[in-house]
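# Fold the following for me, if possible:
(2 chains)
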Amino acid sequence: MWAWILHRVTGVGVMIFIVIHILDTWLIGFGPEVYDTVMNIYRHPIFRLGEVALVGALLFHALNGLRVILIDFWPEAGLFQKQRQLFQVVVVLFFILYVPVAGYMIWDIIY
Amino acid sequence: MARSSYSRQRPMGGGFELFAWYFMRISGLLLVLMALGHIVIMHIINSVEVINYAFVARRWAVPFWRVYDWILLALGVLHGSNGIRVVIDDYVHHRGWRAFCTSALYVLAFVLLVMGTEVLLTFTPGV
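Alright, predicted model coming up:
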């Protein structure tokens, strides 16, 4: 249940960012002044924290997506007990990967 | 309930829904590598502190990165908009509103693909 909710929420969140991100990249066609002004907005600490959240959302969506693929194509993984165990693996992997990355990104914002 | 605890079950009827089901899994696998690769390069090794016009101009001087970014654009928009389509199907039950939301989504996805493709094809540095 939690895996399903988080997969959905992170997916929609990442998609919202992708829409904004394609629009900002498109603006590079208007030259350096326009593009660099827009990039300056992203350097605001609030946006940089949003960036940390984005990386977390994408990482969770990727790891849980791999879990969904495993469950769909490997019959043994489809067993309820195995699904739960695989979700625990996803959560552990997520924290192992995300804690240092988020720490580094936040350190980079402060210093 | 047509839904199991973890994800959408493989659609039985074939046709578009089955194609979309497979597409989500294949594009998802590629996006794990390509989107996470993009994040590591642009948001962890580099950051918005160093990304500016000159940075992108240097990057897009290499055809490999334009191709990489176009594949990422296409897979990302199609995977993302198909995901949103499923979400709309789940929550918007009124026929008219569902048709409206889905149409708006298709228009948005098309416009994003055109804008992204246009800038990747036509960008020439030093305007």
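# For the residue most central in space within chain B, give me phi and psi.
Centroid check for chain B by CA atoms, centre = their mean gives B:G76 as the closest residue, at 1.7 Å. Per-residue torsions, B:G76: phi -60, psi -50 (degrees, to the nearest 10).
# can you pull the contacts of it?
For B:G76, the contacting residues are A:18, B:31, B:35, by CB atoms under 8 Å, 6 or more residues apart in numbering or on different chains. All C-beta atoms are positioned from the backbone trio N, CA, C, and that covers glycine.
# ok, 10 Å please
B:G76 makes contacts with A:14-15, A:18, A:21-22, B:27, B:31, B:34-35, B:38, B:69, B:112-113, B:116, as judged by CB atoms under 10 Å, 6 or more residues apart in numbering or on different chains.
# out of the residues you listed, which one sits closest to A:L86?
Comparing the contacts of B:G76 against A:L86 with CB to CB places B:L31 closest, at 19.4 Å.
# host element of the residue nearest the centre of chain A?
By CA atoms, centre = their mean, chain A has its centre lying nearest to A:L58, at 1.8 Å. Element membership for A:L58 (DSSP states H and E) is helix A:45-73.
# Likewise for A:I20?
Counting by DSSP H and E, A:I20 is found in helix A:2-26.
# So what angle separates the directions of the longest helix seen in chain A and helix A:2-26?
The helix spanning the most residues in chain A, taking DSSP state H as the definition, is helix A:80-110. Interaxial angle of helix A:80-110 relative to helix A:2-26 (axes from the mean of the first three to the mean of the last three CA atoms, to 10 degrees): 40 degrees.
# Next, the angle from helix A:80-110 to helix A:45-73.
Going by the same axes, to 10 degrees, helix A:80-110 makes 160 degrees with helix A:45-73.
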